[in-house]
Every structure is written in C-alpha cells, then in structure tokens.
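1. Structure, please.
(2 chains)
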There are 2 protein chains.
Amino acid sequence: MQLRRFYIPTLTTEDETVVLPEGESQHALRVLRLSPGDEVLLLNGQGLVALAELQASPDGARKGRQAVCRVLEIQEHPRLEPQLALCVAPPRGKAFEWILRTATELGVAVVQPILCRYGMARPEGVSENWLETLAAALKQSQNPWLPEVRAPRVFSVVLQEAISGGEASIFGASPAAEATPHQPLSSEMAVRVSRVWVGPEGGFAPDEEAALLTAGCVPVTIGSSTLRVETAVPALMGYLWGCRHAGKEEAR
Amino acid sequence: MQLRRFYIPTLTTEDETVVLPEGESQHALRVLRLSPGDEVLLLNGQGLVALAELQASPDGARKGRQAVCRVLEIQEHPRLEPQLALCVAPPRGKAFEWILRTATELGVAVVQPILCRYGMARPEGVSENWLETLAAALKQSQNPWLPEVRAPRVFSVVLQEAISGGEASIFGASPAAEATPHQPLSSEMAVRVSRVWVGPEGGFAPDEEAALLTAGCVPVTIGSSTLRVETAVPALMGYLWGCRHAGKEEAR
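-> Now for the predicted structure:
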C-alpha cells in the first residue's frame, strides 16, 4: 500500500514537527480520515521528501482542522540534470493543465508558455489552476521537484533570451514543413539539450521556424501525422531520452 | 485554411462519386454548413486520402441529409514500417480514449488492451466510444491509417502469442523496479521493435515484469517519477523514435 502524499512547500531539513497547509490538512483529516500514528509522505517540491507520522492534534478547538506531523526521516533528492526548460504554446482549455501534469511526471524544471502566431490560447498570467495542477501532479508522480511555471510571454522574446544563453535545444517540427537543421541531433548533443520547444497544433509559423533554425535549434519530427500539443510534449521528451540512451549504448 | 476532413471507410480508388456516412453527412451539411463546390478531404483509414468536392444533392427529398462528393484526386499512403503494436493496460474512465488518440497521432497499427494484475479498469470488449474516438483522431491528425483496436485480453495470453512471433519489443519499467534487461536496447534493435508494452500506473506486477524480461523484452525507464499511462505511451513511442534516429546519425 502506497503512503499518502502531501505537499508542504515550507518543509525544511530542520523540521521535526510540521503542520500541513489548510487544504492538505482538510484532505488528510476529513477526506482520507487519517488518524494519529498513520504514516504519510511529505514533499516540499524542492527536493525534500519526508516520511512522517500523523500526531494527535494538540489543540482541542482546532481538532480536525490542522494535521500535525512528526518527521521520522527526510531525504534530499537532486534535480535531474541537465535541467530542462519546456517552451510550449498553450492549447485551449484544460489541455494546458494536462501538459503541466506531463511536465511534472517527466521532470521538467521550467515550463514557459509561449505566445505564437498560430497559438490557440493567449493566457495572460499564471493561473491558480496551474499551480494546483502542478501540486497534484507532484504528489501523484512522487517527483520531488515542482516545475516552475512562468508567466506566458511572446515567442520571439523568449527565443532571444535563449539564444543569448547559448544552450542546445530541439523543437517539434510538423512533418509537412520538412525543416532542415543546420546540424543534425547527435547523441552527444542530445545529452546537452536543455530546452524543448513545442508550438501550437498547426506548428510554428514559417518565420518562427526559421528563427529557431537560425538559432541552431534542431527540428525533430515524430511520425507523419499532426500531433496535438499534449502528445507532442511527452513524445519529444521521450525522443530526447531515446537519443541520449542510444548514445550511451554506442559508447560501450 | 485547412480542408475539412471526413471519414468514409468504404472509399476505394475506383470511386468517382461517394455519399458520406450519415453522421459525417450531418456534420458536413448541418454543422459545418458546407455548400456545393466546397472542397473536402476524405479518409478511409486504410491509406487512402481523397480530395473531393461537395456536389448538389441529387434528391430533393433527402436534401440536407446526404452529402455527395465528387472525387477530384486520390492518394494511397503506405503504412509506417515496422508496424507497431501497442499493448497497454487501460486506465480508468476517459483516459483510455486519450491513449487511442495518441496512438492514432503516432501511427500505431494495433492497440491491444491488456488486463494486468494492477490494472485499474477491466473493459470487456471494444466500445463504440473507442471507435468514434479513433475516427475523430484520424481526421484531426490526418493519419491515413486507422489503428486497429482489439478486444481486451489477459496479459499472459497476449505475451505468449507475442513470444511465439519472435518480435523485438520494449516495455515501460517503473524507476523503482530497476529491471535489468537480458540485452540493452541498441539503435539497431530499436529499428526492429514492433511492440511496446505499457502497464498500469503502478507498473507491471513483479511476475509480469519477470515474464517480459524472460521473453527478451527490453525495459525502458523514462525519468525518475511515476508516469500516468497516458504519459508513458507517447513518451515510450518518442523514446523509440529517438533511439532509431540516433542510430542513423551514428551511422553517417
């Protein structure tokens, strides 16, 4: 039986006893009906995972409102390296939340929504729903690191910054476009890729694609059909893992 | 502006004029309000894609009920090779339909739902919803080939058949399990892989994983967190593409 998991961003390695945030306390006590002595996992989203034990509530009046936990054991997990930034054009509706879940499961460090010519949605800021989705995905996937989701920005501005950072990157190219890379993606380069660009379902606009190519970003096409953004994100992430893995095997 | 797409499984290369199926006719005439002279794309899900032109309805009484199209041009698309079978443990609820969409976008030839020890859902047959989802995904992705979805079967039975077929395959292994392959996945082997196994969110049961390893199926772990089945499917497919691609680059 897997332990119940709770997100408590304030957790530090110094903590001996912690009080879960209000929503998490409610969930623990009222929904899951956990009792003193039950063991739980606490995640701070910054690499800490603690095994803890629910305590009896110290304050009679607040009983049932605050879940108090005693930390039994705490582990610090390193980030996946290289840290990966996902620059993605948000699809309409709930699909972007789906992408945030996927990004959490796959260990993305930063999600940067980009506003593209053919984008279907133009969200103005980081919504509360996004943060709740990330926290839920953190608990479900047991990833010790919460991705940072940034405020949406215009594609060209984000690209300009990335270029000046000089990092290796790939982008999802639509099968129709037949983009030609300035250099192909080798296993050796795949290991260094720290940014993945995914455009809207119709793909990047021709001038956006040209700008990516000029910046040395390598086009990747998976299959011969049009992918939804929700499919393109995990497929490109998997692609990168496959390239890296194949390089290790060849090097044996 | 992209052409509207319609699924008409009876379409053949001999056809000069076709009548769209009832649901598609309704959609064309009543929802999209297409008029005679409008161009559309017709897909039969078996590799044929036709450019066609809507005709005036020949029968006054049935006007608005049957969309008649004149075929202008027809193309035959080959299947992606090697044909890929996806053996996947259906998650609860709508998530399996999500997987069917993904499989269509990524060019999977056969989807075989498998009933595993830790599986969350045990569907009994191929539901009408599944077929409708596939048809919708076919149109959205413009994949000329409709995946075949088979009736759910018990994991061990499907594995037994696959073993006797002698094919190369990979399976999604949970990061906790640390499964050791009998041989690692090389780029050369990745090119021959024709089956991908994805277990339930908790992963395959230990004896199921042992059976896969004994059968020579190669474990693949992506990231260090628990993946939902909906994420594992496109990530593993992308992984396979990445391995294949890296092999080609090394061979240059």
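
2. Look up how far residue B:78 lies from residue A:185.
-> 25 Å (Cβ to Cβ, to the nearest Å). Placement of C-beta: from N, CA and C, glycine included.

3. Of these two, which one has the most company?
-> residue A:185 (21 against 9; other Cβ atoms under 10 Å in any protein chain shown).

4. surely that one meets residue A:243?
-> Yes: assessed by Cβ atoms under 8 Å, residue A:185 is found in contact with residue A:243 at 6.2 Å.

5. what do those two both touch?
-> Contact criterion Cβ atoms under 8 Å, 6 or more residues apart in numbering or on different chains; residues shared by residue A:185 and residue A:243: B:245, B:246.

6. I'd like the next helix or strand past the longest strand that chain A contains.
-> Criterion DSSP state E: the longest strand present in chain A is strand A:68-76. Sequence order places strand A:85-88 as the next helix or strand after strand A:68-76, per DSSP states H and E.

7. check whether that next one contacts chain B.
-> No: residues of strand A:85-88 contacting chain B under Cβ under 8 Å from any Cβ of the partner chain: none, with a closest distance of 13.1 Å.

8. cool, and stretch A:111-121?
-> No: using Cβ under 8 Å from any Cβ, stretch A:111-121 stays clear of chain B, coming no nearer than 11.2 Å.

9. For chain B, give me its nearest residue in the stretch 151-252 of chain A.
-> Chain B sits closest to residue A:242 of the stretch 151-252 of chain A, with a gap of 2.4 Å, by Cβ to the nearest Cβ.

10. Could I get the pLDDT score of that residue?
-> pLDDT, residue A:242: 92.

11. Who are the contact partners of it?
-> Residue A:242 touches B:190, B:238, B:239, B:240, B:241, B:242, B:243, B:244, B:245, B:246, counting by Cβ under 8 Å, 6+ apart.

12. ok, which stretches of the stretch 101-250 of chain A are strands?
-> Per DSSP state E, counting those that start in this stretch, the stretch 101-250 of chain A carries strands over the ranges A:110-115, A:148-149, A:153-154, A:168-172, A:193-198, A:218-220.

13. taking the mean pLDDT, what do you get for the third one?
-> Mean pLDDT, strand A:153-154: 97.

14. What pairs with that strand, parallel or antiparallel?
-> When sheet partners are counted by DSSP bridges, strand A:153-154 sits next to strand A:110-115 (parallel).

15. Off-centre distance for the strand it pairs with?
-> Centroid separation between strand A:110-115 and its chain, computed with Cα atoms, centre = their mean, to the nearest Å, is 11 Å.

16. swap in stretch A:215-222?
-> 21 Å.

17. Show me which positions of it end up buried.
-> Residues A:215, A:217, A:218, A:219, A:220, A:221, A:222 are the ones in stretch A:215-222 that count as buried (16 or more other Cβ atoms under 10 Å in any protein chain shown).

18. nearest residue to the residue of the stretch 151-252 of chain A closest to chain B other than its sequence neighbours?
-> residue B:242 (2.4 Å; Cβ to Cβ, 6 or more residues apart in numbering or on different chains).

19. Please report the distance of the one you found from residue A:143.
-> Distance from residue B:242 to residue A:143, by Cβ to Cβ: 21 Å.

20. The stretch 151-252 of chain A against chain B: which residues are in contact?
-> So far as Cβ under 8 Å from any Cβ goes, the stretch 151-252 of chain A lies against chain B at A:184-187, A:190, A:202, A:220, A:222-228, A:231, A:234-247, A:249-250, A:252.

21. Can you spell out the domain ranges of chain A, please?
-> Chain A breaks down by automatic domain parsing into domains covering A:4-76, A:85-250.
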